[in-house]
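Student: how would this look folded up:
(one chain, ligands or ions: 1)
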Amino acid sequence: MSWIPPNLAELCATSSTASNCQTSAIIFLKLIFHTFISSKPKVYLPKNLPEKYDFIIVGAGSAGCVLANRLTKWKPWNVLLLEAGIETPNITEVPAFFSLTQNTNVDWNFQTQPENTSCLATKGCNIPSGKVMGGTAELNGMLYARGNAEDYDDWGKSGNPGWSYKDVLPYFKKSEDNRDKEILQNNPGYHGTGGYQSVERFSYKDINAQNILKAWQELGYKVLDVNGKEQLGAMISQATVKDGQRQSTNTAYIRPIRYKRPNLFIETEAYVTKIIIDSATKTAIGVEYTSTANNLKTKKVAHVKKEVIVSAGTINSPKLLMLSGIGPSQDLQKLGIEIIKNLPVGKNFQDHVSFKGIHIRLSNKTITTKPYEQKKADLNEYLRKHSGPLSSTGTSIVNSFVRTKYAGSKDAPDANFLFSGLDSINLNSPRVESYYNTILMLPILLTPKSRGFIKLNNEDPVWGQPLIYPGYFKDNSDVNRMLEIIQIGLNLFNTKSFEKNEYTLINSAQTPCNHLTFNTDAYWICLMRNNTASMYNQVGTCKMGPKGDPEAVVNPRLKVYGVERLRVIDASIMPHVPRGCINAPTIMIAENAFDMIMADWAEYPD
Ligand SMILES: Cc1cc2nc3c(=O)[nH]c(=O)nc-3n(C[C@H](O)[C@H](O)[C@H](O)COP(=O)(O)OP(=O)(O)OC[C@H]3O[C@@H](n4cnc5c(N)ncnc54)[C@H](O)[C@@H]3O)c2cc1C
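Tutor: Next up is the predicted model:
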């Protein structure tokens, strides 16, 4: 199957005025979709399949692709990588199109359940998640921000040997091919070169991103490498891109070896529905899956000699464990699922939270929208040279880490600011990040106290969406902290950079809070609770922890408690969410876990 773009006719029909469909933005989207719709990479399926694999990896996302590469380096081992989604469509390579693939067939399109503390206006928040080779690393904003050293020291201190900062830094470096000379020179010891994952700064620097960076400097924040010695400050982000194109872990780790290593077997459109576990020995022996290729549903089984590795992400990994009888026994019993092991699977859900932003109006001199012909020229430039505005993500490239008075540590941030461009005519439609006439300032809480949980769908546990109760703003201290973060962000309007460039706060109240006085605590709390927005960094639902940790699902070697030959290796194992973005830490987790697997199966040469 190929990528199916959003249906513009449907979007136009539901937009407030029909004239929206004639805007240059929509006409340009039509051109983009026309250009990319037929892109489908050639795939050769292997003919002679082994009877049993040494390892089966479920999910070819940020973690799964790293593991598939590393494990198949050892030639005697056969590895089967099963991915529910399709092959990566070419459109994901264009940085400025990163939000165009959301709500399409490469997105699981998760939706949270109604709760009374958040996502009220929409009765649930959207949680995009990649359903494609490369997983969410194909849909994400490409920012490379590892988090703070204290995050990993906290993981270590909570009883997880091998996960303190000194332990994980070598794995961040191992994965990395940092191509930024200045970063390498100024931050010795913090970056790697020659790894699979390319990291560089977007070569096209959006004018407004540069102005925002200057404003942070005026407020006293250093411009620094947030992945270096200190994190408090701002920078034009490093990103998982290579020469103007996105580099997911599929592009970085799988493409160079695909069809070259005969011991790597990849099946896409292969949805794993159950881990087969011998109930007498509590040992994972294989998986059941359904091939959805060619619009059919063909049931299949694959068996394993060594381990099943679940890398299906923070939402689908707990789902698959629960479908396989590993989870809260009371919940599973109600669904008639045979219990293999009672564990707190799906609990400890954490995310970076924000709301749908503080709107900044631009003056004519800084809007980046253009007439159609100029956009078309930008597209041609991108297609020929991978350069120009489409090789970047507009204002999203400026990233800053700050601390509020509530931050526990003097060196670690508890807040982050990102900016996103919006074409105000077209607020809810797919958009190209490089063209906008309004900026959204997104104040983000990095250290939430609130926790959520995930359950199986009662009506259709296997094919239905899992029930996500994110718990955003359930803990009132998160609300207070967000109020302070907002005030820190509003200080930007007092800078010369903002004044000179005529960035003005749109100080009319947004719906559904327009009954309240703008810029009062009551107003901001209303926005947080009604227009809540996930900042896409969900973790924690198969928590790593020592024996005796009542919340732990996997041990510090990422083995599922009480089940043999089963590991979870992805963002879901993080005990708490790092103060950065999640892709780089997930890649690090896979690199670290690979060495653990090797040590456990000791036949691998040094
Ligand atoms: C819109 C958005 C923007 C983001 N921006 C950034 C950013 O700028 N920087 C950053 O660092 N992070 C960002 N993130 C977060 C980051 O990309 C993810 O946290 C990370 O990719 C998670 O990796 P993972 O390996 O845990 O899961 P995933 O990458 O999601 O991989 C899981 C894979 O498993 C597959 N799968 C699931 N269930 C099954 C099944 N039953 N059978 C077979 N296959 C299955 C999925 O299809 C998927 O391919 C963003 C996320 C989103 C949604």
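Student: sec struct for K347, please.
Tutor: Of the three states, K347 takes coil according to DSSP: H, G, I helix; E, B strand; the rest coil.
Student: Contacts for stretch 152-168, please.
Tutor: Residues from elsewhere that reach stretch 152-168, judged by CB atoms under 8 Å, 6 or more residues apart in numbering: 149-151, 544-546, 549, 556-557, 574-576, 578, 588, 592, 596. The C-beta positions use only the backbone N, C-alpha and C, and glycine is treated the same way.
Student: Show the pLDDT at the most far-flung residue of the chain relative to its centre.
Tutor: Residue farthest from the centre of the chain, counting by CA atoms, centre = their mean, is A280 at 37.4 Å. What the model reports as pLDDT for A280 is 96.
Student: likewise S24?
Tutor: What the model reports as pLDDT for S24 is 77.
Student: residue in the stretch 351-500 of the chain nearest to the ligand?
Tutor: The stretch 351-500 of the chain approaches the ligand most closely through S396 (7.8 Å), counting by CB to the nearest ligand atom.
Student: backbone phi and psi for that residue, please?
Tutor: As for S396, its main-chain torsions (degrees, to the nearest 10) stand at phi -70, psi -10.
Student: Can you report how many residues lie near it?
Tutor: 27 (other CB atoms under 10 Å).
Student: Also the one 5 residues further on?
Tutor: A count of neighbours around F401, defined by other CB under 10 Å, yields 26.
Student: ok, now how distant is it from H352?
Tutor: 12 Å (CB to CB, to the nearest Å).
Student: circling back: wait, a helix at the residue farthest from the centre of the chain?
Tutor: No: A280 sits outside any helix when classified using three-state DSSP, being coil.
Student: Quick check: it vs the ligand, distance?
Tutor: Applying CB to the nearest ligand atom, to the nearest Å, the value for A280 to the ligand is 25 Å.
Student: separation between T541 and the ligand?
Tutor: 10 Å.
Student: nope, D595 is what I meant
Tutor: The gap separating D595 from the ligand is 18 Å, by CB to the nearest ligand atom.
Student: In the helix or strand that contains M598, which residues are buried?
Tutor: According to DSSP states H and E, M598 maps onto helix 583-600. By neighbour count with 16 or more other CB atoms under 10 Å, helix 583-600 contains the buried residues 583-594, 596-598.
Student: now do stretch 191-201
Tutor: Using 16+ other CB under 10 Å as the test for burial, stretch 191-201 gives H191, G192, G195, Y196, Q197, S198, V199, E200, R201.
Student: For those residues, which two are the farthest from each other?
Tutor: By the measure CB to CB, Y196 and R201 form the most distant pair in the buried residues of stretch 191-201, at 18.8 Å.
Student: Contacts only, for A13.
Tutor: By CB under 8 Å, 6+ apart, the contact set of A13 is empty.
Student: helix, strand or coil for it?
Tutor: Classified using three-state DSSP, A13 is helix.
Student: what's the answer for Q111, then?
Tutor: Q111 - assigned by three-state DSSP - is strand.
Student: Kindly state the domain boundaries assigned to this protein.
Tutor: Structural domains assigned to the chain are 49-88+132-179+245-348+540-606, 180-244+351-534, following automatic domain parsing.
Student: Most tightly packed of those domains?
Tutor: domain 49-88+132-179+245-348+540-606 (a mean of 21; mean count of other CB atoms under 10 Å).
Student: Surely K214 is within a helix?
Tutor: Yes: K214: assigned to a helix according to three-state DSSP.
Student: how near is it to W163?
Tutor: Distance, K214 to W163, by CB to CB: 37 Å.
Student: Can you name the residues of the stretch 501-606 of the chain sitting close to the ligand?
Tutor: For the stretch 501-606 of the chain, the contact set with the ligand under CB under 6 Å from any ligand atom comprises Y536, N537, D570, A571, C581, I582, N583, A584, T586.
Student: Let me see the contact set for the fourth one.
Tutor: Which is A571. Counting by CB under 8 Å, 6+ apart, A571 has contacts S62, A63, G313, T314, Q538, V539, I582, P585, T586, I589.
Student: Having no further points to raise, I will conclude here.
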